[in-house]
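Q: Below are the sequence and a predicted model for it; my questions follow.
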Protein chains: 2
Amino acid sequence: MPGGLQTDLYELNMAASYLRRGMTAPATFSLYVRGLPPGRGFLVAAGLDACLGFLEGFSFANDELDYLGSLGFDDRALDDFAGLRFDGDVWAIPEGRILYSEEPVLEVTAPMPIAQIAETALLNLITLHVTLASKAARYTMAAGDKELVDFSFRRTHGPDAAMASARASAIVGFAATSNVEAARRYDLHAAGTMAHAFIEAFPDERQAFEAFAQDHPQRTTFLVDTYDTLGGVEIAIDTIRSMGLDDHLGVRLDSGDLDDLSRSARRMLDDAGLSSARIFASGGLDELEVARLVSSGAPIDAFGIGTQMGVSADAPFVDSVYKLVEYDGRATLKLSADKVSAPGRKQVWRGLDDGHHDVLTLRDEPPIEGAEPLLGPVMRGGRRVGAPSLDDARERFRLDLARLPKKPRRLVDPKPPTIGRSDALRALTERTTDEVLRRSEASRDASARTP
Amino acid sequence: MPGGLQTDLYELNMAASYLRRGMTAPATFSLYVRGLPPGRGFLVAAGLDACLGFLEGFSFANDELDYLGSLGFDDRALDDFAGLRFDGDVWAIPEGRILYSEEPVLEVTAPMPIAQIAETALLNLITLHVTLASKAARYTMAAGDKELVDFSFRRTHGPDAAMASARASAIVGFAATSNVEAARRYDLHAAGTMAHAFIEAFPDERQAFEAFAQDHPQRTTFLVDTYDTLGGVEIAIDTIRSMGLDDHLGVRLDSGDLDDLSRSARRMLDDAGLSSARIFASGGLDELEVARLVSSGAPIDAFGIGTQMGVSADAPFVDSVYKLVEYDGRATLKLSADKVSAPGRKQVWRGLDDGHHDVLTLRDEPPIEGAEPLLGPVMRGGRRVGAPSLDDARERFRLDLARLPKKPRRLVDPKPPTIGRSDALRALTERTTDEVLRRSEASRDASARTP
């Protein structure tokens, strides 16, 4: 996503003012989620790689500057924009870590104009990835040791979101994706079976199954519900036996009562001596249905997960914000109703002993004993620090999930832990509040004096 | 979105089989929505332009073929893929038209392999655009003659979705977008005010307002809620008067009780002789809140609409499907539980007299008197037919909305009209069902006879 126009117009209006006025001192913006959506006991950090990619590539192309000229930006603004690159620092919580509301996913420190323009894209990308990873994590918890495959491409909000869905679900432990481009881009396992259209294109189900098994002997999963599910299982069994296929092949159930049908299919496969054949289930499953199927003991080996995850259907966004917390060495905040922000650069400390006991502090406070800091530098002077892999992120999530206490972990009515705040952060918040109120009143009094 | 890998693996598995077996006869796939989401009385056709763009650009790059080779596709399959282009026909309901479930948004007729591979991208794009346009339309109905501006970029599911949100909301009558790239790409009005960070970067609100008004005299809307909303209005008024600014400028309320605050702000502006100054409201508004503010008479001139529209928060997807309805001249369908499809190429006829009274027919049936056909050819032999503009789409929506009956139009508990089916479509459905059941049974009997 290159291009300086990938932003809201107001960011450019403000940036033009900052540049004109020489307001290019370092600003720190803190990107965090203002409260968890209903049904979420935690979030998963994700999207950082996309954000750093955006910042690295940021610039205005000539035709983009021409367009801005047509909107009324004058030559001076266009000249200023032409030279803009992202040369700042980013601190972040690494991808795959579990986090909670109010904890900064990332903090950008850069000259005010570029830090401001980046707001829209950074919010967009973090919101997307965090939303999808946090939803996908619920499937991971629901599925236990059953395999999960991302089937969401066809229903995500555009192809970008499909790539994000594949990547986010991989971070939280999904085994594969149906999305070929995502598999290539992120080095994931690509997986897929067959569609109803394939069956319908042949004179009958048996001929379709035989053709597919001949052409793809290593990856045949027979889709059995086109006309009649258990009839389809019968034909699949017969095809496997008559063609002498490996018995690690399987069947996919995509409609109807999956609990009931999987038990019948399992019996039929076992009776036919195909006890290694796998049963794959799909069809609009949300994580609660997966949890029910798993806990009822339905003999399903793997689940294909699509729409409900791909759009995070029950909570399709998080209340993410990008707030100025410091400008030119001065702490800042806003006091808008129900939207108060906290000033200063932050750090999050997580207790190592007792699961997730997090404390929000200022970045430069001394370490809290027995706790680890979650944020670290990931970009300095516009260049990435380190190159964490997707495997690293997956491992981080695995470890964090293992330590996650019960209340945030519940699928139904989860409760996030309480986040502590350091004395220094509280004191700075009070001091800054007093200060802005004092200046705000003085500003208003000046207005009142004007005739 | 170029690239043959923008698909699910199973499409490529199936396509490889079709190609190997010479199954390249024309297939018709029908893309429709299987039922309206809760809270929707109608849908808006959108996304066609993106679909045609995808089909026009479709091909496999060499590195994509290499990747497929690494997945196990053999040289023969890769050779076959290398030559694939979309050279088929598309019929569609034009963008901006109101439509209902079961009505094909588009129908693709092309050689089976390419028609199959296109499934994933076409479903993805139509689902995204229809979902967002249908949500945005509810704001249009809620807002009456108040102005609406798209503010959704920061919270959509990725930048693609942000572009779709800007475009979809323009189709249903939004006046402008904050998204600069979308404004350029689709020739929309770009709009924007200022953020809280701008205020905070200055020593006080007054200095921030003055600076912005000096730098952007033609597009100043003062954001007044950073510290204290009505105090901010006071300072805005004072700034306008002391700087002798045009009185068409305005204030933006972004938090708190918008009804109450807008009335107070209006009074203050009027008392100061600024009766032309506009009041702009934003802040997580859903369409029901907009409707309440409008019907209560809150003096708000324009609304900035973000997240709730940008992710269609109450219904973030539609149950879209892409079903094979004809292959090589033979009608097809599937009979999966609760997911039965109807065979044959379709047309939708809409009664011209009595609002929306739609009848689903086969494409080649004679016209229904007093009704207009909704689907028409938009691509022939891989080339677009005509070049409908966004303005055309906007005009279509305006006309369709004006004729929309009350029940589908209600914001709360809307009810779509009943869609009729022609005798010929019913007869073909019965005949095809009988036929596939007969063949399916024969196929199963053959299985039963195998030892």
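A: Structure's in. What do you need?
Q: can I assume A:R40 is in contact with A:V412?
A: No: using CB atoms under 8 Å, A:R40 is not in contact with A:V412; the gap is 11.7 Å. The way it works is simple: take the backbone N, C-alpha and C, and place the C-beta from them, glycine included.
Q: Tell me which of those two has more neighbours.
A: Between A:R40 and A:V412, A:R40 has the larger neighbour count (other CB atoms under 10 Å in any protein chain shown), namely 24 against 7.
Q: Assign a three-state SS to the more buried one, would you?
A: Assigned by DSSP: H, G, I helix; E, B strand; the rest coil, the conformation of A:R40 is coil.
Q: so who does it touch?
A: Each residue near A:R40 by CB atoms under 8 Å, 6 or more residues apart in numbering or on different chains is listed here: A:S134, A:A315, A:P414, A:P416.
Q: Compare those and tell me which has the most neighbours.
A: A:S134 (27 neighbours).
Q: distance of that one from A:G96?
A: 12 Å (CB to CB, to the nearest Å).
Q: What of A:G53?
A: Taking CB to CB, one finds A:G53 at 17 Å from A:G96.
Q: Surely A:G192 and B:A16 touch.
A: No: the pair A:G192 / B:A16 is not scored as a contact, 11.3 Å apart, by CB under 8 Å.
Q: which one of those two has more residues nearby?
A: Legend: neighbour count by other CB under 10 Å for A:G192 and B:A16, higher for A:G192 (25 against 22).
Q: Report pLDDT for the more buried one.
A: Predicted confidence (pLDDT) for A:G192: 89.
Q: And for A:K346?
A: Confidence score, pLDDT, at A:K346: 97.
Q: in what helix or strand does the residue nearest to it when sequence neighbours are not counted lie?
A: Nearest non-adjacent residue to A:K346, counting by CB to CB, 6 or more residues apart in numbering or on different chains: A:P104, 5.1 Å away. Per DSSP states H and E: A:P104 is located in neither a helix nor a strand.
Q: check contacts around A:P104.
A: A:S30, A:L31, A:Y32, A:W91, A:A92, A:I93, A:K346, A:V348, A:L375.
Q: what's the answer for A:E119, then?
A: Per CB under 8 Å, 6+ apart, neighbours of A:E119: A:T7, A:D8, A:E11, A:F29, A:Y322, B:R154, B:A195, B:A197.
Q: need the residues you listed in JSON lines with secondary structure, distance to A:S262 and neighbour count, can you?
A: Converted to JSON lines, the contacts of A:E119 look like this (DSSP: H, G, I helix; E, B strand; the rest coil; distance: CB to CB, whole Å; neighbours: other CB atoms under 10 Å in any protein chain shown):
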{"residue": "A:T7", "secondary structure": "coil", "distance to A:S262": "49", "neighbour count": "26"}
{"residue": "A:D8", "secondary structure": "strand", "distance to A:S262": "49", "neighbour count": "28"}
{"residue": "A:E11", "secondary structure": "helix", "distance to A:S262": "52", "neighbour count": "28"}
{"residue": "A:F29", "secondary structure": "strand", "distance to A:S262": "49", "neighbour count": "26"}
{"residue": "A:Y322", "secondary structure": "strand", "distance to A:S262": "46", "neighbour count": "24"}
{"residue": "B:R154", "secondary structure": "helix", "distance to A:S262": "42", "neighbour count": "27"}
{"residue": "B:A195", "secondary structure": "coil", "distance to A:S262": "52", "neighbour count": "23"}
{"residue": "B:A197", "secondary structure": "helix", "distance to A:S262": "54", "neighbour count": "25"}
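Q: and the closest residue to A:G386 other than its chain neighbours, how far is that from chain B?
A: Leaving out its chain neighbours, the residue that sits closest to A:G386 by CB to CB, 6+ apart is A:V378, at 7.1 Å. For A:V378, the distance to chain B equals 21 Å [CB to the nearest CB, to the nearest Å].
Q: Show me what the helix or strand containing A:V378 is packed up against.
A: A:V378 is part of strand A:376-380, with elements assigned from DSSP H and E. Here strand A:376-380 touches helix A:48-57, strand A:89-92, going by 3 or more CB pairs under 8 Å, 6 or more residues apart in numbering or on different chains; DSSP states H and E.
Q: ok, and what's touching the longest one?
A: Yep, that's helix A:48-57 we're talking about. Contacts for helix A:48-57 (CB under 8 Å, 6+ apart): A:1-2, A:6, A:86, A:88, A:90, A:92, A:94-95, A:105-106, A:118, A:121-122, A:125-126, A:129, A:164, A:378-379, A:382-384, A:388.
Q: got it, and the last one?
A: Counting by CB under 8 Å, 6+ apart, the neighbours of strand A:89-92 from elsewhere in the structure are A:45, A:48, A:51-52, A:55, A:104-110, A:345, A:363, A:375-381.
Q: Mind giving me the packing neighbours of the longest helix that chain A contains?
A: Ranked by residue count, the top helix of chain A under DSSP state H comes out as helix A:423-449. If contacts are counted by 3+ CB pairs under 8 Å, 6+ apart, helix A:423-449 sits against strand A:330-331, strand A:358-362, helix B:205-215, helix B:229-242.
Q: what helix or strand does the residue nearest to the spatial centre of chain A sit in?
A: In chain A, the centroid-proximal residue (CA atoms, centre = their mean) is A:H129; its distance is 2.2 Å. For A:H129, the host element (DSSP H and E) is helix A:119-143.
Q: ok, now A:D260?
A: helix A:258-271.
Q: what's the neighbour count on A:S59?
A: Around A:S59 there are 14 residues (other CB under 10 Å).
Q: close enough to count as contact, it and A:G4?
A: Yes: between A:S59 and A:G4 there is a contact at 6.2 Å, judged by CB under 8 Å.
Q: sorry, back to before: of A:G53 and A:G96, which one has the most company?
A: A:G96 (26 against 14).
Q: Next up, phi/psi of that one, please.
A: phi 100, psi -20 (degrees, to the nearest 10).
Q: Quickly note the distance from it to chain B.
A: Distance of A:G96 to chain B, given as CB to the nearest CB: 20 Å.
Q: tell me the contacts of that residue?
A: With CB under 8 Å, 6+ apart, A:G96 has these contacts: A:V44, A:A45, A:A46, A:I171, A:V172, A:D392, A:A393, A:R394, A:E395, A:R396, A:F397, A:D400.
Q: Out of those residues, which is nearest to chain B?
A: A:A46 (12.7 Å; CB to the nearest CB).
Q: The closest one: neighbour count?
A: 31.
Q: So, low pLDDT: which residues of chain A?
A: A:1-2, A:247-248, A:337-339, A:354-356, A:447-451 (pLDDT under 70).
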